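**Student:** Let me see the structure of the following:
(chains A and B)
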Number of protein chains: 2
Amino acid sequence: MSGSIYDQGLDKNAANHTALSPISFLKRAATVYPDKVAVVHGERRITYANFHRRVSQFASALVKRGIGKGDTVSLFAPNVPAMLEAHYAVPLIGAVLNSINTRLDAPTVRFILEHGESKLVISDRDLNPVMKEALAAMDAPPPVVDIDDALADGGELIGAVEYEQFLAEGDADFAWEAVDDEWRAIALNYTSGTTGNPKGVVYHHRGAYLNALGNVIDFGLSPQAVYLWTLPMFHCNGWCYTWAVTAVGGTHVCLRKVDPALIFPMIRDHGVTHMCGAPIVLTMLINAPKDVICDFPQTVECATGGAAPPSAVIAGMERMGFHVTHLYGMTECYGPSTICAWQDAWDALDLEGRAGKAARQGVNMVTLEGQRIVDPETMADTPADGETIGELVLRGNTVMRGYLKNPDATDAAFQGGWLHTGDLGVMHPDGYIEIKDRSKDIIITGGENVSSLEIEEVLYKHPDVMEAAVVAAPHEKWGETPSAYVTLKPDSEGQVAAQTIIDYCRDHMAHFKAPTKVTFGPLPKTATGKIQKFALRDREKGPAA
Amino acid sequence: MSGSIYDQGLDKNAANHTALSPISFLKRAATVYPDKVAVVHGERRITYANFHRRVSQFASALVKRGIGKGDTVSLFAPNVPAMLEAHYAVPLIGAVLNSINTRLDAPTVRFILEHGESKLVISDRDLNPVMKEALAAMDAPPPVVDIDDALADGGELIGAVEYEQFLAEGDADFAWEAVDDEWRAIALNYTSGTTGNPKGVVYHHRGAYLNALGNVIDFGLSPQAVYLWTLPMFHCNGWCYTWAVTAVGGTHVCLRKVDPALIFPMIRDHGVTHMCGAPIVLTMLINAPKDVICDFPQTVECATGGAAPPSAVIAGMERMGFHVTHLYGMTECYGPSTICAWQDAWDALDLEGRAGKAARQGVNMVTLEGQRIVDPETMADTPADGETIGELVLRGNTVMRGYLKNPDATDAAFQGGWLHTGDLGVMHPDGYIEIKDRSKDIIITGGENVSSLEIEEVLYKHPDVMEAAVVAAPHEKWGETPSAYVTLKPDSEGQVAAQTIIDYCRDHMAHFKAPTKVTFGPLPKTATGKIQKFALRDREKGPAA
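**Tutor:** Modelled structure (predicted):
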């Protein structure tokens, strides 16, 4: 812009430029809504003024222990107030929040603590047996603060101080300094890692701020929002809803465990308006025992991602008073990047029609710059024909800084100036994307590509099927053949033959796509609740030599 | 952060960092909602796909005429599609949009064109008589594109090309390059300048993006939003709603002129959900002839700023189906910075109670970093007692870059690292600010500070008063005394005595605050519809020597 009149004396200064940070949301909410309930946890109520005060104490206590800029603080806890508070207190002092997946085993937890160079661990008593084992294996384990939550089931205390005592060490008048750089790391989230060691995804303040506002806009949060924490906060910082709900001054309703017997009365009693969760959460709600399900007057907006919600799930949820929105995202893009934005014209469609539209992952959120389906080699767009499969790539301010201490993986992920998701999909003529599979999940049978998701969609429609996953099995003649793994609904266990399932599939799709094998039983899952297809593929290969 | 593990190989790149710009909203809306009506203008309907195409042509046509980065393009038009399109096409190529207040006279328009170094003027036929005079006085007048709007009343064509022909010169496939720097100037808006030459306020892409999203969140825009353009787009780029409505894929309903006979049927026929305007717009709607007012089923959210809406106005608007939200802002902060966020507890108050709450300007919008009431000399906070008057100062990313070619004024505005608004107010104990007056508008009588706004609030409650303004008149004994200028409602003209008004004030406030003089008649206004108190003050001083 050199030489332009707009380059003369119009520079950044303290009045007109501040680093974007979601910390500002709590500062504002405590000013605007000091007496409003910010956090519900069991019988506890924390107002926004109190939330602010506790975060001040928390940040002050961290500083007193020598934690500072660029230091990693690890949290190992379910959705309790301490987790929410950590989302503000840790980045407030320039430190980096590392929320560890609570379903991981001790060796993986140890790997994360060592790789992330954690300076302090804050761990829930229920999870301490795993944390204790992880720390015991470390040469220089970080100190531990215990969360002795009243709603915990058991566990043990392993730290030198309990969280509430730790807060009491801090100063409630701790001054909130402005964040000095919006590119500063705010969070370190490890991928669940279906193979090999997990990778540490680094978020910055700018991206967290923007994805939080994107959630507010695209999921329609208002100051009246009551958000039920059915999504783990350790999962992409709760898809950034840890910050988004605070941005509007809504209410966070904590939940330690996804249990329909808890969820239904909480929806009714707290007037829940919004929640998020993996499809399995929706399936659990639909298949909950009748005496657990209760009525509520409001419509609850429910966002789900990770797999397309089958039409039966959408219908079941609608019957109970939920409205389901399909999202797509991944750890590398702060949770949701893509949303199946509803079109008014779809209202006129029947259930199958609506489910078909909603099965697509959709369009980029307003805060993501762009998404494309491309040939991953040439980076050329695939035709928007709803058929040609390519790789989904993303670009924008809500894409990670990269993988911690892993420049090769970072470079590979950003090849060509876009984030490579590794997910394969199509671009529909209306600009909506639809994920067809992870590259590994395509089954090539007789030279034809078959999407395992397409077969699973049919399986989910069978009235006796609760969960299903399809992988490729080696086949002498066709190269590969689809093999289905199925969990039946509790009442149907042992009542359905494999051939019945195969016949049902053949009746509802091209014969060459139908599975030729069906295995009943529980499905192996990752720590984030995703079905571990690699484990099923391993079964198909037989025992290792 | 030097030395931290987070500083190693986690840099900005094309995949994870893009300049914030409201241009991205149109790109997305055209993808997500291509067939949706983006713009309504009379009988015309422009879909988002078409909006995008026209902006491409517009940008291309500008480039073909040699307009480029850092060049100023001036618009002189009412709220017509060309104005909206300019909000995207001009900044898309790195040029700067200068929307000129349509109520200005030719010498001031000439001053702006010269000071802003305008390279091209796009001017509506109705306004061309003024533009022609302005250009005739220039040594090197810029070329003119005429807008020959079908809904224009008269005027004339003065340019070499008409807007639609100009668009046709452009390429509909013009490639949208990414904005290279979010600090780049996007708009140049001149203050209305109650004294002296207007100052050119420079906005950047980052601030426009953020204030647009702030509007979406704090005013509750959704994809179903239908926004009626009762606010001039030349006014702080329509408070950034030119971009905000597009961010959600809502519908812009254009309006050349604020006329209740047009507005009421448009609200009904287009299903308007949101609108903004100065208090005078609300007053016009309330006092519209009975046969002009029509019913509509929806509640229309109506934001107003510039002066507190009196309780009678709030009540009158509510009766007709509007919900009024009070905002505060100024040219220097992209329009709204501050909003009277509603508290649930206020629902239980009576009309006077609610109006009292809503009369406050409120809290900073979510996208503004902070606001304070301070002693302008020491920058110390005044006590939050609702009584101690100080200056409102603002800070954040939605504060201007500065005044064009006016470093002294820029430095003065940013003294102490905050934007000095020049508005005087109080901080209430609940964190809401209330503007008491412009510094010039405080009347000091007998050593007591009296707010002219407080007197005006009383005057507005009188059943015969339509508009009122109070200024200081010199007084031998007390130094100054309040002098009221009043416009009576049409039916009351000539029916009310000055003493009746004075007595009414004395009955409703401390006697020393009541006006001692009342003058009836129309009030002088600035081009943006603000009452020109300086003109009234001049009258009090008598003819200049």
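
**Student:** give me the number of residues near residue A:177?
**Tutor:** By other C-beta atoms under 10 Å in any protein chain shown, 11 other residues sit near residue A:177. Using the backbone N, CA and C atoms, a C-beta is placed for each residue, glycine as well.

**Student:** list the contacts for it?
**Tutor:** Residue A:177 is in contact with residue A:92, counting by C-beta atoms under 8 Å, 6 or more residues apart in numbering or on different chains.

**Student:** ok but it is inside a helix, no?
**Tutor:** No. Assessed with DSSP: H, G, I helix; E, B strand; the rest coil, residue A:177 is coil; it does not lie in a helix.

**Student:** Quick check, pLDDT for it.
**Tutor:** You'll see residue A:177 listed with a pLDDT of 92.

**Student:** Can you pull the poorly scored residue ranges out of chain A?
**Tutor:** For chain A, the stretches flagged by pLDDT under 70 are A:1-2, A:192-196, A:438-440, A:447-449, A:527-528, A:542-545.

**Student:** Which helix runs longest in it?
**Tutor:** In chain A, assigned by DSSP state H, the helix with the most residues is helix A:48-64.

**Student:** Say whether chain B is contacted by it.
**Tutor:** No. Against chain B, helix A:48-64 shows no contacts by C-beta under 8 Å from any C-beta of the partner chain, the least distance being 10.3 Å.

**Student:** Who are the packing partners of that helix?
**Tutor:** With contacts taken as 3 or more C-beta pairs under 8 Å, 6 or more residues apart in numbering or on different chains; DSSP states H and E, helix A:48-64 sits against helix A:23-32, strand A:37-41, helix A:81-92, helix A:163-169.

**Student:** Identify, out of those, the most deeply packed stretch.
**Tutor:** Comparing these by mean neighbour count (mean count of other C-beta atoms under 10 Å in any protein chain shown), helix A:81-92 comes out on top with a mean of 26.

**Student:** Near chain B, which residues of the stretch 151-300 of chain A? Just list them.
**Tutor:** A:178, A:181, A:183-185, A:202, A:207, A:213, A:216-217, A:220, A:222-224, A:247-249.

**Student:** Would you pull up the residue in the stretch 351-500 of chain A closest to chain B?
**Tutor:** Of all residues in the stretch 351-500 of chain A, residue A:417 sits closest to chain B, at 3.4 Å by C-beta to the nearest C-beta.

**Student:** any idea how far that residue lies from residue A:259?
**Tutor:** According to C-beta to C-beta, to the nearest Å, residue A:417 stands 44 Å off from residue A:259.

**Student:** If any of the residues of the stretch 151-300 of chain A next to chain B are buried, give me the ChimeraX selection for them.
**Tutor:** To isolate the buried members of those in ChimeraX, using 16 or more other C-beta atoms under 10 Å in any protein chain shown:
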select /A:183,184,185,202,207,213,216,217,220,223,247,248,249
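
**Student:** So which of the residues of the stretch 151-300 of chain A next to chain B are in strands?
**Tutor:** Among those, DSSP state E puts A:185, A:202 in strands.

**Student:** hang on, the earlier thing: once you drop chain neighbours, what's closest to the residue of the stretch 351-500 of chain A closest to chain B?
**Tutor:** residue B:14 (3.4 Å; C-beta to C-beta, 6 or more residues apart in numbering or on different chains).

**Student:** now swap in residue A:346 and tell me
**Tutor:** In space, residue A:346 is closest to residue A:357, 5.1 Å off (C-beta to C-beta, 6+ apart).

**Student:** how deep is that neighbour tucked in, by neighbour count?
**Tutor:** Using other C-beta under 10 Å, residue A:357 has 19 neighbouring residues.

**Student:** In this structure it contacts residue A:340, no?
**Tutor:** Yes. Between residue A:357 and residue A:340 there is a contact at 7.3 Å, judged by C-beta atoms under 8 Å.

**Student:** Which neighbours do these two have in common?
**Tutor:** residue A:432.

**Student:** Following element in sequence after the helix or strand hosting residue A:466, please.
**Tutor:** Here residue A:466 is covered by strand A:465-475, with elements defined by DSSP states H and E. Beyond strand A:465-475 on the C-terminal side, the first helix or strand identified by DSSP H and E is strand A:479-488.

**Student:** what residues does that next one touch?
**Tutor:** By C-beta under 8 Å, 6+ apart, strand A:479-488 touches A:443-447, A:450, A:452, A:455, A:459, A:464-475, A:494-496, A:501, A:505, A:513-523, A:536, A:540.
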